[in-house]
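**Q** Have a look at this prediction, sequence included:
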Amino acid sequence: MSARLLRRLLELLPTLLLLVTLTFAMLHAAPGGPFDSERALPEATRVQLEARYHLDQPLWRQYLIYLGDLAHGDLGPSYQYPDRSVAELIGAGLPVSALLGSLAMSLALIVGMALGIIAAMKPHRWQDRAVMVLAVGGLSIPNFVLAPLLILLMAVSLHALPAGGWSGRPQELLLPVLALALPQIATIARLTRAAMLEVMQTPWIRTARAKGLSERHVVLRHALRPVLLPVISYLGPAAAGTLTGSVVIEQIFGLPGVGRYFVLGALNRDYGLVLGVVLIYGTLIVLFNFAVDLLYARLDPRQRE
Amino acid sequence: MYARGAIEFHVGKGLPTYVWLLLGLLCSGSVAQAGDVVLRRGNGPDVETLDPHQVRSVAAGNVVRDLYEGLVSEAPDGSLIPGVAERWDISADGLVYVFFLRDTARWSNGDAVTAADFVAGLRRSVDPQTASPSSQLLAPIAQASAVMAGRSPPAALAVQALDEHRLQIGLQSPTPYFLALLVNPAAYPVHGPVHGQGFTSAAPLVSNGAYQLQVWMPQSHIELRRNRHYWNDAATRIDRVQHIVTEDMGSEFQRFRAGELDITEQVPATQIAAMAPTLRRQLRIADYLGIYYYGFNVSQPPFDQPGLRRALSLAVDREVIVRKVLGSGERAAYAWLPPHIAGADSLQPPWASWTRDQRVAEARRLYEQAGYSAQYPLRTEILYNTNDYHQKIALVIAAMWKQFLGVETRLRNEETKVFLQSRRERRRTQIFRGSWVSDYDDASGFLDLLGGHNPRNDTSYVSQRYDAALNAATHLPEDARRQQLRDAQQQLIDDAPVIPIYFYVTKHLVSPRVSGWQDNALDHHYSRDLGLSP
């Protein structure tokens, strides 16, 4: 098991190297550079800047310089934010993004599964219909529409919650977490409902009921575990969805996460910043998928050997 | 104290990561203390730097103006007032300026602001090593161009500390608007000897303005508190100011409505039309020193013919664009210079006062004279950077050209950086979208852009007469200079290298709690001049 673990972890490296290489190539293939703007820089200044950031070197050498720095744990400078390094910027933004993302994922799991189970226990009754309406709504309303609606209702009309910004208070995260979690809640509720309906038809559930166990016991002890499997295998895509969703949510709610660096970095041709964010996101997604695999193996006896 | 906000949290073992993060964030120093009165200013996109010599964006300029002060400063209405220098003498030939610095000017750590600090600041600003994006503004100082080009050492700059409180600056040639340039962060002083790149990250940041840095949280906010050592601290009314990142205009608007912001940086045009009366009373729309224009690539046919360029310019109905497409108070532009700009009178072309029918008739005459007709229509292309407004305007203009002249126009949009590169290369561009906002209130800020040697002139327009008029104007006294600049503008009207479309306005929502706010053409609003009622 531990040898397999190690091998899987080592496989991470070539994946990330490929990711960095592709991103590097695509970024530099895009026309325009970091110092192009409506007010062009004087020639001497441009030359100076390009020399400072090695942009005057051939591309392959820039690539090697970047990899060399990376090997020393240095994510390089940001062209757009000359006062700070990429590592500093990501270091400042990552805790906020991680908090937002993990809270949204947790909420999606808890609420999504609860709703799915409730729907499956009362198939074709009003509870089921209500959950399914919510699920269709959650899937079809994009979060860039949902977020402003939530702000309008909760902040502007009711003055119950802040409309945006970040000073560290928990209530500032409520709306963003909700807006980010809702599409995932919808998907997880549907998955759970479908799996639950299937499981409840199986012989072992009939046996459990025949033993005279309470319905609660049947659901929590016997049905839940197999229901978890499809939900867990969905966690990988859900994490990716949450990451991309956070780009929009962070901008709308003015949260200082790393999501915005992704978009702004690409638009500003801030090569180092984009590479840094890609690397962090890539590592997170790969690690997350890895964790999901491990969890899956633990839950499903067929996968254990 | 200089807090880095969320950077400092460490992740513990045992509890899930986010529990630790939540605890850490709850305990972090960036949580506002209850009961304090804080001015909360929406500031648009994130601030890229607090190094005055690296400032590129409007957002960074807004914060840096609160943090630092130059020799000359601005009153709430935008007029020039003494800053660190309490007065100055200008030699009769306009070439030598001597500034007398206040004895009471102090840095935020209590050190005196000296002439040497300005010498160091100005040298650093023009030093190619600093790679300052706006050092070009200091070009009128003697030797500045040579230093910026790397031909002379920074010490060669004609800036000299006569003693601790007297600073002498020598100019290359008389520059009537030189004082206005000194308001720019590029001319701010620096404290102490070492100012490598990123010195602003070293805590605490020492500054000489009305405020000093308290917290800088990237992408969230910058918090300033009053600088007790500022020479005019007694006049500062607000103790704490937050410049809040509000990248999304729609969200900023909602945050203002929810009472979380006292001032917004922008107002979405779509909200202005449907705005409730109470909100409308808080809306401030004011003229801005900026122009939206279309440039011709005059180096290639068909736009090497001035007549054709004039025809297309005449056929653009600006009133329709400002009223129907924009609709938030923008002014139609017929001239290259905004109205009320300092240093020159904005010269309107004669057809500015014509009716639409008269303009269209003249446009058709010029169009046909250039060899085009309904049978042989002009086929051209408008290039713009991808954006809803640019697209709407391009569509409307293409439709006007089609309707009035029969021109077949293709629209091509490119992502901003790609667009800027295409524009600069001038190979494929025929007509391109452009905008220009001046850093200082003087006609030269606009007129220089179309000078034959300006690297930012993407039209390839070169006119000996225009350049000569601009050149001659610098050496002339006020009235004669106005006449020269009038001639230069007349040349622009005849040659039409650009189609002026509209002049920008600034749009802010300002809470009635805020006092002391005055609209001004550069949109500079110093927090030190504002008050906030509880």
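**A** That came through, no problem.

**Q** Chain A contacts on the stretch 51-200 of chain B?
**A** The stretch 51-200 of chain B has residues B:51, B:54, B:56, B:128-129, B:131-133, B:135-136, B:148-150, B:197-198, B:200 near chain A, with proximity defined as C-beta under 8 Å from any C-beta of the partner chain. (C-beta placed from N, C-alpha, C; glycine too.)

**Q** can you name the two of the residues you listed that are farthest apart?
**A** B:149 and B:200 (26.9 Å; C-beta to C-beta).

**Q** Of the two, which one has the most company?
**A** Each of residue B:149 and residue B:200 has its neighbours counted (other C-beta atoms under 10 Å in any protein chain shown); residue B:200 has more, 22 against 14.

**Q** near chain B at all, stretch A:13-33?
**A** Yes. Judged by C-beta under 8 Å from any C-beta, stretch A:13-33 and chain B are in contact via A:30, A:31, A:32, A:33.

**Q** Going through the residues you listed, which ones are buried?
**A** The neighbour count (16 or more other C-beta atoms under 10 Å in any protein chain shown) marks A:32, A:33 as buried among the residues of stretch A:13-33 next to chain B.

**Q** Secondary structure and pLDDT added to the residues of stretch A:13-33 next to chain B, as JSON lines?
**A** As requested, the residues of stretch A:13-33 next to chain B are arranged in JSON lines below (DSSP: H, G, I helix; E, B strand; the rest coil; pLDDT from 0 to 100):
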{"residue": "A:30", "secondary structure": "coil", "pLDDT": "86"}
{"residue": "A:31", "secondary structure": "coil", "pLDDT": "84"}
{"residue": "A:32", "secondary structure": "coil", "pLDDT": "83"}
{"residue": "A:33", "secondary structure": "coil", "pLDDT": "84"}
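
**Q** Could you pull out the buried residues of the helix or strand of chain A with the lowest mean pLDDT?
**A** Across the helices and strands of chain A, mean confidence by mean pLDDT, DSSP states H and E is lowest for helix A:43-52: a mean of 83. Of the residues in helix A:43-52, A:44, A:45, A:46, A:47, A:48, A:49, A:50 count as buried by neighbour count, 16+ other C-beta under 10 Å.

**Q** pLDDT below threshold where in the stretch 351-500 of chain B?
**A** Within the stretch 351-500 of chain B, no range satisfies pLDDT under 70.

**Q** Using the record's domain definitions, break chain B down for me.
**A** Using automatic domain parsing, the domain parsing of chain B gives B:17-68+B:215-267+B:510-532, B:72-187, B:288-506.

**Q** what residues does the stretch 51-200 of chain A put near chain B?
**A** A:52, A:80-84, A:88-89, A:91-93, A:95-96, A:98-99, A:102-103, A:106, A:148, A:151-152, A:155-156, A:159, A:162-170.

**Q** any idea how far the residue in chain B that chain A sits nearest to lies from residue B:424?
**A** Evaluated by C-beta to the nearest C-beta, chain B has residue B:417 as its residue closest to chain A, separated by 2.7 Å. Residue B:417 sits 11 Å away from residue B:424, going by C-beta to C-beta, to the nearest Å.

**Q** now the strand or helix carrying residue B:59: mean pLDDT?
**A** Using DSSP states H and E, residue B:59 falls within helix B:58-67. For helix B:58-67, the mean pLDDT works out to 96.

**Q** got a markdown table for the buried residues of helix A:43-52, with distance to residue B:463 too?
**A** Shown next, in a markdown table, are the buried residues of helix A:43-52 (distance: C-beta to C-beta, whole Å):
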| residue | distance to residue B:463 |
| --- | --- |
| A:44 | 26 |
| A:45 | 27 |
| A:46 | 26 |
| A:47 | 29 |
| A:48 | 32 |
| A:49 | 32 |
| A:50 | 32 |
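
**Q** Next, format those residues as TSV and append distance to chain B.
**A** Shown next, in TSV, are those (distance: C-beta to the nearest C-beta, whole Å):
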residue	distance to chain B
A:44	5
A:45	5
A:46	8
A:47	8
A:48	5
A:49	5
A:50	9
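
**Q** Neighbours of the residue nearest to residue B:515 when sequence neighbours are not counted, how many?
**A** Spatial nearest neighbour of residue B:515, chain neighbours left out: residue B:531 (4.0 Å); criterion: C-beta to C-beta, 6 or more residues apart in numbering or on different chains. When neighbours are defined as other C-beta under 10 Å, residue B:531 has 13 of them.

**Q** So for the strand or helix carrying residue A:234, what gets flagged as buried?
**A** Taking DSSP H and E as the definition, residue A:234 sits inside helix A:224-253. Across helix A:224-253, burial judged by 16+ other C-beta under 10 Å covers A:224, A:226-229, A:231-236, A:238-239, A:241-243, A:245-253.

**Q** near chain B at all, that helix?
**A** Yes. Against chain B, helix A:224-253 shows contacts by C-beta under 8 Å from any C-beta at A:251, A:252, A:253.

**Q** And that helix, what does it pack against?
**A** helix A:86-121, helix A:143-150, helix A:171-200, helix A:259-267, helix A:271-299, helix B:249-257 (3 or more C-beta pairs under 8 Å, 6 or more residues apart in numbering or on different chains; DSSP states H and E).

**Q** Which among the ones you listed is found nearest to residue B:495?
**A** helix A:259-267 (34.8 Å).

**Q** which stretches of the stretch 1-150 of chain A aren't confidently modelled?
**A** In the stretch 1-150 of chain A, residues with pLDDT under 70: A:1.

**Q** ok, for the closest residue to chain B within it, nearest residue in space, not its chain neighbours?
**A** In the stretch 1-150 of chain A, the residue that lies nearest chain B is residue A:32 (2.7 Å; C-beta to the nearest C-beta). Spatial nearest neighbour of residue A:32, excluding adjacent residues (C-beta to C-beta, 6+ apart): residue B:417 at 2.7 Å.

**Q** what helix or strand is the one you found on?
**A** Counting by DSSP H and E, residue B:417 is found in helix B:416-425.

**Q** what distance separates that helix from the middle of the whole chain?
**A** 20 Å (C-alpha atoms, centre = their mean, to the nearest Å).

**Q** Show me which positions of it end up buried.
**A** B:416, B:417, B:418, B:419, B:420, B:422, B:423.

**Q** any residues touching it, and which ones?
**A** A:30-33, A:36-38, A:40, A:267-269, B:295, B:383-386, B:413-414, B:428-429, B:432, B:434, B:458 (C-beta atoms under 8 Å, 6 or more residues apart in numbering or on different chains).

**Q** Tell me who's in contact with residue B:415.
**A** With C-beta under 8 Å, 6+ apart, residue B:415 has these contacts: A:30, A:32, A:267, B:385, B:386.

**Q** Does the last one touch residue B:414 like I think?
**A** Yes. Between residue B:386 and residue B:414 there is a contact at 6.7 Å, judged by C-beta atoms under 8 Å.
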